[in-house]
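Engineer: my questions are about this predicted structure, shown below with the sequence.
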Amino acid sequence: MRYRLVPMDRSHLAQAAALERECFAHPWTQSLLEQELYNDMISLVAAEGEDGTLLGYGEVRAVLDEGTLEKIVVSPAYRRQGIAEEILRAYLRFGQAHLSFLTLEVRAGNAPAIALYEKLGFRPVGRRKNYYRELGEDAVIMTVEFGRAEESDVPAAGSDGVEKS
Ligand SMILES: CC(C)(COP(=O)(O)OP(=O)(O)OC[C@H]1O[C@@H](n2cnc3c(N)ncnc32)[C@H](O)[C@@H]1OP(=O)(O)O)[C@@H](O)C(=O)NCCC(=O)NCCS
């Protein structure tokens with residue numbers, strides 16, 4: 001599937017809400033997503049197929065120079081094709097230019113997401129015990145810090161064998 005990354009807009013909202021319901025126990029509603037669209041501190045990036053299908057999306061909240069990855073999700077039918085990695089790399093490029101760090105919280109048992117974050121240079125920096133009470137699971141806090149380009153923690157695409165050939 002060919003796709004492009006675009007800023008999320010109103011045309012994506014219904015599909016985004018459907019993806020939320022499909023993928024999360026506590027889905028964001030369409031009206032919440034709409035509010036996020038108009039929040040100046042929030043960036044929502046959509047992966048859009050050629051026919052307009054929403055394949056996935058990410059959300060980063062930036063307050064001054066501190067960024068938080070609030071969400072990243074790819075439709076089950078389109079996973080393992082590098083879409084989440086592409087979205088995250090776009091945010092990392094933004095982070096290199098504008099942020100001191102990008103941080104996130106992830107369920108300790110969410111192995112695919114943790115593998116994704118580790119691949120792109122995020123490292124565990126803390127843990128919130130039993131944060132996901134209904135699952136009895138901890139949250140792992142992971143962060144990537146941005147320094148000058150030569151000091152950055154972010155693996156470059158194509159370097160160190162981290163990129164798909
Ligand atoms: C986590 C998620 C966003 C990954 O999306 P994706 O588009 O399938 O991921 P990519 O294809 O870009 O994978 C990039 C890297 O992530 C890791 N990864 C992704 N899915 C993985 C899996 N199921 N098992 C192991 N590693 C995985 C791998 O390192 C992969 O690199 P590789 O293909 O070179 O091995 C997707 O599984 C998802 O939407 N999960 C449900 C929502 C969620 O839990 N989001 C995170 C919390 S908000």
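Structural biologist: Alright, I've got the coordinates. Residues are numbered from 1 along each chain as shown.

Engineer: only C-alpha atoms for contact and neighbour calcs from this point on.
Structural biologist: Will do.

Engineer: quick one, helices of the chain?
Structural biologist: 13-23, 30-37, 83-98, 111-119 (DSSP state H).

Engineer: give me the buried positions along the second one.
Structural biologist: In terms of neighbour count (16 or more other CA atoms under 10 Å), helix 30-37 has its buried residues at 30, 33, 34, 36, 37.

Engineer: what's the angle between it and helix 13-23?
Structural biologist: 120 degrees (axes from the mean of the first three to the mean of the last three CA atoms, to 10 degrees).

Engineer: could you do the third one as well?
Structural biologist: Following the same axes, to 10 degrees, one obtains 120 degrees for the angle between helix 83-98 and helix 13-23.

Engineer: what's helix 83-98 in contact with?
Structural biologist: 5, 45-47, 56-58, 60, 65, 67, 72-74, 101-102, 116, 120, 146-147, 149, 154 (CA atoms under 8 Å, 6 or more residues apart in numbering).

Engineer: and if you look at the shortest one?
Structural biologist: Where contact means CA under 8 Å, 6+ apart, the residues beyond helix 30-37 that reach it are 8, 9, 10, 13, 14, 16, 17, 42, 43, 44.
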